[in-house]
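# The sequence and its predicted three-dimensional model are supplied below.
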Amino acid sequence: MIENKRKLEFLKEFLDTVEQKANVVGSRQTPFLQEVLPYINVNDEPALIYYAKRDLKLQINGYLYFEDTDVLNLYVVDYEPLFTNDSIPVVNMTTIKEVANRAKRFFTNVDSIFKAADKSMEILDLIKLIRSNRNEIEEVNIFVVSSKFYFTNKPIDLSIPGIETVNVHVWDMDRVYKLSEAEQGIRDFEIQFEDEYNSIIQLMHITNRTGNGLIDCYIGAIPALLLAKLYDDWGPKLVERNVRSFLQARGGTNKGIRDTLKDSEQRELFFAYNNGISSVAKSGEIVQIGNSSLYEIKSLTSWQIVNGGQTTASIHQAYKNGIDLEGVNVQTKLTILNTGEVNNVPNVDRHDLEDQLITKISEYANTQNKINKSDLLANTRFMSDIEKLSRNTWIPSFDNSKEESKWYFERARGQYMVDISRRSKGKEQTAFKKMYPKENVITKVELAKYFMSWEGYPHVSSKGGEEAFKKFMDLNSQYWKQSLNTNDNGEVTKPIQDISNNFYKELIARRLINAYVAKIVDGMKLKGYRANVIYYTVAMLGHLYRDSIMLIDVWNKQELSEKWEGIIRIIASNALNYLRESAGDQNVTQWAKKQDCWDGFIKESAAVLGELV
């Protein structure tokens, strides 16, 4: 089967990347989790730790606490690198539940773990966090991250004494693969409401007397039971264009949805309480009912829910839990994209127009939840220009030999592996990997974190890729967003600037500096908070010595001079001590995300560290 072959090729490339990183850091689980995390749309970045007791069946690989909502995310890894070349490695529900239980047991046994002797500072941070907030935590999300394929849609039920809501979210390689495919472009598929589900959706057409007829809009309702069945059959494919892809049924909004559906007396009020879904489709069999404004939706091509992923997931969960959805309706807005009929619109590419329309519809429809900027802004001219420069700019050679390799900027998640799969096995793939070595792949959120650290925002980098990317785009808005300037003649639109080749080279130079610092920090074997120490070390190095470190020179040499090694060691050691001591009773990783932490580091250490040269 062609699809299975593509999945196996994707898995092999994915795990090969993990194994390469594992050879450097000496472990597999953390590099694997790091590779999967960009696919999980979480607004903050979890602290990566490792604690496992096989005899007690305890394991934890990361955590993230949301103080404002009293929600705790726990991450636990199921990693198995070995599989036969001709069969997809599959994990069953029993195994997934057991892996999830390892994280649950960690949570429920924190008191006994606290008394044990062999604990790192980072583990102690999590233990103290759970012990001090145990009565406030309302929801625990356990993320099981597996290197295998999980083909069961049934929800995994787990409970923790004293915790109101416990969700188990499975992030397997099938889910990662589908997300990667979705980022590269949606394949057309057709849903037959009448023939396959014995159901017809009736919606009202909204007349549009202006514009070029690029869209047709319909509003009305869809039966909740039908929506649940559709999601059960089509799964994440329905929300591939949702800017918060694969949203989990969690949080206060979804708790309200579930509670309303459970209560037979409240169920009829669901339509009034819930904002419903917004969706788009390329086309469909849509028939007018008489001369009215009502239309029957019999089928749709490439139907996508661009807002309402949480509503859909919550309704589906209620359906799987046996809750009666008969008579429950969901508000629905359907937009048909008539992008195939753009003859009257000059110089318009149909596919580009479709992406632009869906992006805008997604952005403006998603107002009740934070939108991931990295998803919305992936198609900006700025990101496209960086991508083009990465494909056209050779890495300097150092022995007068022919330049052979380039950096690969991954504008969309999984783009590198998809690029490989598009090429024939053998010489063609080998030539591509030689030109774009795997170690030279850099994602947009990684680029943002490296940029923010060097520019003096280590607290932003510590918050994770999404926050770093948002700030990165704000600081470089002149390259992708028009602005208004006010002068004596009134408001004048300032045009978008072009990025230069040197701008691109200096972006990569920041990555090279970060990698050099990371290598030194790893060699020092410091105890804990690796990511935060690296961000703060890079930031202090830039704060104190940017006039002595020319980014374009770093690009030309593809590394930072070894003369900085001793200085970086001193700064890194100082950064770790400062983070631990200045945090006081606070969680160190949470403290590192605050502006006050960075300001304090400058105030306390900059004067001394500035005299190292």
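Perfect, I can see it now.
# how does this structure divide into domains?
Domains of the chain are assigned by automatic domain parsing as 2-177, 185-369, 372-613.
# Compare these and say which comes out lowest on pLDDT.
Lowest mean pLDDT of these: domain 185-369, a mean of 74.
# so can I have a markdown table of the domains of the chain showing mean neighbour count?
The way it works is simple: take the backbone N, C-alpha and C, and place the C-beta from them, glycine included. Below are those laid out as a markdown table (neighbours: other Cβ atoms under 10 Å):
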| stretch | mean neighbour count |
| --- | --- |
| domain 2-177 | 17 |
| domain 185-369 | 17 |
| domain 372-613 | 17 |
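# For Val140, give its distance to Asn4.
Using Cβ to Cβ, to the nearest Å, Val140 is found at 35 Å from Asn4.
# before we move on, what about Arg175?
16 Å.
# Please apply the same query to Tyr416.
21 Å.
# With Asp522 instead?
Look at Asp522 and Asn4: by Cβ to Cβ, they are 37 Å apart.
# One more: Leu48?
Noted for Leu48: a distance of 32 Å to Asn4, by Cβ to Cβ.
# What of Asn109?
Distance from Asn109 to Asn4, counting by Cβ to Cβ: 40 Å.
# try Ser264
From Ser264 to Asn4 the distance is 44 Å (Cβ to Cβ).
# Repeat that for Ala378.
Ala378 is 28 Å from Asn4, by Cβ to Cβ.
# before we move on, what about Gln59?
Distance from Gln59 to Asn4, by Cβ to Cβ: 30 Å.
# next one: Val145
Separation of Val145 from Asn4 (Cβ to Cβ): 22 Å.
# same deal with Asp547?
In this view, Asp547 and Asn4 are 56 Å apart by Cβ to Cβ.
# Then Phe10?
Applying Cβ to Cβ to Phe10 and Asn4 gives a distance of 11 Å.
# now Ile571
To Asn4, Ile571 is 49 Å away according to Cβ to Cβ.
# swap in Asp474?
The gap separating Asp474 from Asn4 is 43 Å, by Cβ to Cβ.
# what's the answer for Tyr218, then?
As for Tyr218, its distance to Asn4 is 37 Å (criterion: Cβ to Cβ).
# just Glu565 next, same as before
Distance from Glu565 to Asn4, by Cβ to Cβ: 48 Å.
# One more: Leu337?
Distance from Leu337 to Asn4, by Cβ to Cβ: 31 Å.
# same check, this time on Asp233
Distance of Asp233 to Asn4, given as Cβ to Cβ: 20 Å.
# any chance you could map the strands in the stretch 451-600 of the chain?
Using DSSP state E, counting those that start in this stretch, the strands of the stretch 451-600 of the chain run over residues 483-487, 490-494.
# The stretch 101-250 of the chain too?
Assigned by DSSP E, counting those that start in this stretch, the stretch 101-250 of the chain shows strands spanning 139-146, 165-171, 190-192, 201-206, 215-223.
# mind putting these in CSV, distance to Trp407 included?
Converted to CSV, those look like this (distance: least, Cβ to Cβ, whole Å):
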stretch, distance to Trp407
strand 139-146, 27
strand 165-171, 28
strand 190-192, 40
strand 201-206, 47
strand 215-223, 39
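# can you tell which of those is closest to Glu285?
Smallest distance to Glu285 across the strands of the stretch 101-250 of the chain (Cβ to Cβ): 8.5 Å, for strand 190-192.
# That closest one - contacts with which helices or strands?
With contacts defined as 3 or more Cβ pairs under 8 Å, 6 or more residues apart in numbering; DSSP states H and E, strand 190-192 has these neighbours: strand 294-301.
# Sheet-wise, list the partners of the strand it packs on with their directions.
strand 190-192 (antiparallel), strand 201-206 (antiparallel), strand 283-288 (antiparallel) (DSSP bridges).
# any residues touching that strand, and which ones?
Applying Cβ atoms under 8 Å, 6 or more residues apart in numbering, the contact partners of strand 294-301 are 188-195, 200-205, 218, 281-289, 334.
# try 6 Å
Contacts with strand 294-301, where a contact means Cβ atoms under 6 Å, 6 or more residues apart in numbering, come from 188, 190-194, 200-205, 281-288.
# can you state the direction angle for it and strand 215-223?
Counting by axes from the mean of the first three to the mean of the last three Cα atoms, to 10 degrees, strand 294-301 lies at 100 degrees to strand 215-223.
# give the contact list for Ile567.
Going by Cβ under 6 Å, 6+ apart, Ile567 touches Leu612.
# Distance of it relative to Ser461?
For Ile567, the distance to Ser461 - Cβ to Cβ - is 20 Å.
# Thr301 too?
Going from Thr301 to Ser461 by Cβ to Cβ gives 42 Å.
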